[in-house]
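# sequence and predicted structure, then a few things I'm wondering about:
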Amino acid sequence: MSAVPPAVPALQVHDLVVGYGGPAIVRGIDLQVPRGEFLAVLGASGSGKTTLLRAIAGYLRPTSGEVEIDGRLVAGRDTWVPPEKRHIGVVPQEGALFPHLDVAANISFGLPRKERRTTERVAELLEMVGMLGMEHARPHELSGGQQQRVALARALAPEPELLLLDEPFSSLDAALRVEVRSEVHVLLREIGTTTVLVTHDQEEALSLADRVAVMSAGRIEQVDVPWRIYEAPSTLGIARFVGDLVELPVAEIDAQSARTPLGSVPLSPNSNTNARVVVLRPEQLVLVSDRNVGSSESGTPGTVEAVRYHGHDSLTTVRLDDGSSVAVRSAGGAGVALGDRVRVLVTGAARAFPDPVV
Amino acid sequence: MHLRRETRGRRPPLLLLGAAAVAVVVTAIPLAYLIVRTFEAGGQAIFDALWRERTLDTTLTSITLVIGVIIGASILAVPTAWLLARTNVPGRSFFMVTAALPLAVPSYVMAYAWIAEFPWMSGLWAAVLVMSLATYPYVAIPLTAALRTIDAGQEEAARSLGLGPLATARRVTLPLTWPAAAAGLLLTALYTLSEFGTVAIFRVDAFTRVIYTAYRASFDRTTAAVLALLLVFLALLLVIVEARTRGRANRWRIGSGVSRPAPRLQLSTRGRLLGVTWLAGVGVLALGVPGFSLLMRLFESRRTGVDVTELTGAIAGSITSAGLGAAIAIVLALPIAVLAARYTTTLVRGIEGAAFLGHALPGVVVGLSLVFFTLAVLPAVYQTVATLAFAYAVLFLPKAIGASRSAIDAVPPSLESTARSLGRGPIASWLATTGRLSWPGVAAGALLVLLTAMKELPATLMLRPTGFNTLATELWSRTEIEAFGAAAPYALALIALAAVPAWLMGRWLAREPRVPGQDPKEAAEQDVLRTDQVAYVGGNR
């Protein structure tokens, strides 16, 4: 591994097209993952993200395009390297542990015959995933979280160049998911394995990954660091997919600001001046109770229509006097009740998009 | 669902496809040759054979027999299923077993037991009675399961919408359980249509007996061939209707939501007494009378003495021929089962469908056709154990495919692809995962074929080498000369031999390793289905 200069990306995908005989599911993807990076591929179901992962793993033969792992061409016009020769690790959905083998045999499954007999490597890996002493447990005796940890240890055992995670946390319940997820995160950081995670969960992608690639209809729409995906999405679709959104129709627009139902809203630099809609995140809005503002003219007046209280924050729906409604996120409780008269203030800049196509 | 995603539209390897195609072609030999042989006789001969009063009589007799058995089996099965599934009648688990047990007794053994006790029994109605008793589990078992698994919420909803108990039964319960019951009834019909032994014992001139007689009177083989084709045509209709009904039953199966079985009706003391009387009465007719009769005959035969050499010879013959048949069946079934479980292209569905047509081939037809085929094409194997075993393989291939396929289906394909990502080649990966995990199911399929083949009668009579005897043929030759006492040891040996593998298989299925991550409810449902399969092990065809 050390022979490969660090400039060579761990994974390179060029113009990849993959299908199952019918119309292509993955339609021309370019992707570069530098060594040691944690990349999340985020997409709704049917976006082609799992198909992409299966093509990288070698489970599926692409229609055209190339895949290189650590500088080695594994899929191309005349090249096809089967999965067992790609030096990748895969953690499938629900783990897919071999039910007839105990934990130790599962983990050592991918090791060379000689090493399979020794116990050190298995113990080392079990310690890594925090399951030392469980060598002889059977898969059905493990909890869902433990199964995922064993599946991870099994994938890491042969020291793969690239680790592929196929929605590995989706079968766990909410509390366990967060716990296992952060453990895996810490572990993979420590080892420094290049990782591609496929997920439909935006929170998971944003919180774990160094970079996020958003996929839709077989194409990658944006690859960026998580905060840019959330705060500077390149399309309205991405903006809607990665979090709650306040969408405002545009009456007038120039390079700096747009006239909307919330008054004149400043725009982020280089905004599209043909935009028909501008968007804000609910936490960019501030709620002021009418009593406190008195007769001041700042903010847009409206009535509280719904309050969703989550503890750490709350989401308040305000029906503005012109009839449109906006969502406002406040840290903790908003201190307003249904029917209260409030004013809505805007902080920060909005992003503008051409047409609110659904 | 992700199972489908992994396999959707993938093209199967050519080698596998080739093996499956060869298996289908080999299996199609009997039917294909029968068609060839029939049309060789020429249009006039076919017309003559068809256009006779005798042919019409035979058809009407067979249809009357089938309808009679369907009605008889329903009369026995519906109250039984309702009592077992929906009431608090005492002894339910005991009666659950007695309701399945008749399947372990070949119906000609049952017929023999009845006629040995009541020698005046004969004709259509005797056959209808015995066949109904032999086949009612085909309806009772799936109907009981359906009545247990309907979500109570649906019937409660009907009641809350203002329907009385009878209206609820008619408008909700009946439509929901109908597919299960209908599939069972069609199975009964198919089984009755192909049954030879019972029909022959009671001297009913249905298709199977007429074909066999025409074949024995060797100057009339064209008639036998024409009638055999007509029988296959009728059976094919039933198979197609059955497959469609089963498809609908699957669609109606209620999804993954938590379903709660209906509460049991609390019967009054009188009601419970009536219920037990009914269940015990059916049990006495289906198991008690034949059991008593067989034991009585056994005592008689002890007085006259049993020829132990003959008996062990027959057991050896049964095991040899049926065992070889099971081996051939599995070799033919495996490529088809792997294809059907793992790939979903149109070609694969076609191959699986073609292999399933074996369901529509009665033993007497396969026997007849292989007699023609070996005499004309391969005289060297005429009346050899190999030909007999091949006939078993053709007849019971669908059973072998079904068992292997569901075993392979139960192994998630992700195990195989994960093994490959861990550095094992395609064949090593298959052996380490799918092969390793599905072999108990495949072996169970082989056992199922073995056990069904031991009970096969007409093809065995037609294809066995001279002097080669099985339990079925020995039993048969003794009932033909009405030596009922001498037949008893063979009947009991047949039942015992059939029961041992069924019991072994039950234990085997219980030990199968669980796939992790599968939720326990789903696993429990699969257990229910397996119980079903075990019940079908008895399938006497």
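Cool, got the structure. Numbering: from 1, shown residues only, chains lettered A, B, ... in the order given.
# now residue A:150: closest residue in space that isn't a chain neighbour?
The shortest distance from residue A:150 to any non-neighbouring residue, by C-beta to C-beta, 6 or more residues apart in numbering or on different chains, is to residue A:103 (5.5 Å). No exception for glycine: its C-beta is placed from N, CA and C like everyone else's.
# so what's the backbone phi/psi at the one you found?
Backbone torsions for residue A:103, taken as degrees, to the nearest 10, come to phi -60, psi -50.
# confirm residue A:319 sits in a helix?
No. Looking at residue A:319 with DSSP: H, G, I helix; E, B strand; the rest coil, it is strand, so not inside a helix.
# buried residues in stretch B:285-295?
B:285-287, B:289-291, B:293-294 (16 or more other C-beta atoms under 10 Å in any protein chain shown).
# for stretch B:52-59, same thing?
In stretch B:52-59, counting by 16+ other C-beta under 10 Å, buried: B:55, B:58-59.
# and of these, the nearest to residue B:327?
residue B:58 (36.1 Å; C-beta to C-beta).
# what's the pLDDT at residue B:192?
pLDDT for residue B:192: 93.
# helix or strand: which one has it?
In the assignment (DSSP states H and E), residue B:192 maps to helix B:174-194.
# helix or strand with the lowest mean pLDDT in chain A?
In chain A, the helix or strand scored least confidently by mean pLDDT, DSSP states H and E is helix A:290-293, which has a mean of 62.
# in what helix or strand does residue A:352 lie?
Assigned by DSSP H and E, residue A:352 falls in strand A:351-353.
# what pairs with that strand, parallel or antiparallel?
Applying DSSP bridges, strand A:351-353 is found paired with strand A:277-280 (antiparallel).
# against chain A, how distant is residue B:135?
Distance of residue B:135 to chain A, given as C-beta to the nearest C-beta, to the nearest Å: 38 Å.
# wait, that residue touches residue B:194, no?
No. Counting by C-beta atoms under 8 Å, residue B:194 is not a contact partner of residue B:135; they are 11.7 Å apart.
# count of neighbours near residue 340?
No chain in the question, so chain A it is. Using other C-beta atoms under 10 Å in any protein chain shown, residue A:340 has 18 neighbouring residues.
# chain B was what I was after
25.
# what sits against the residue in chain A positioned nearest to chain B?
Nearest residue of chain A to chain B: residue A:110, at 3.0 Å (C-beta to the nearest C-beta). Residue A:110 makes contact with A:154-155, A:157-158, B:421-424 under the criterion C-beta atoms under 8 Å, 6 or more residues apart in numbering or on different chains.
# out of these, which one sits closest to residue A:142?
Ranked by distance to residue A:142 (C-beta to C-beta), those are led by residue A:154 at 12.5 Å.
# got a list of contacts for the lengthiest helix in chain A?
Identified as the longest helix of chain A according to DSSP state H is helix A:174-191. Residues outside helix A:174-191 that contact it (C-beta under 8 Å, 6+ apart) are A:38, A:128-130, A:143-145, A:148-149, A:152, A:156, A:163, A:168-170, A:172, A:195, A:204, A:207-208.
# mind listing which of these are in strands?
Among the contacts of helix A:174-191, the ones falling in strands (DSSP state E) are A:38, A:163, A:195.
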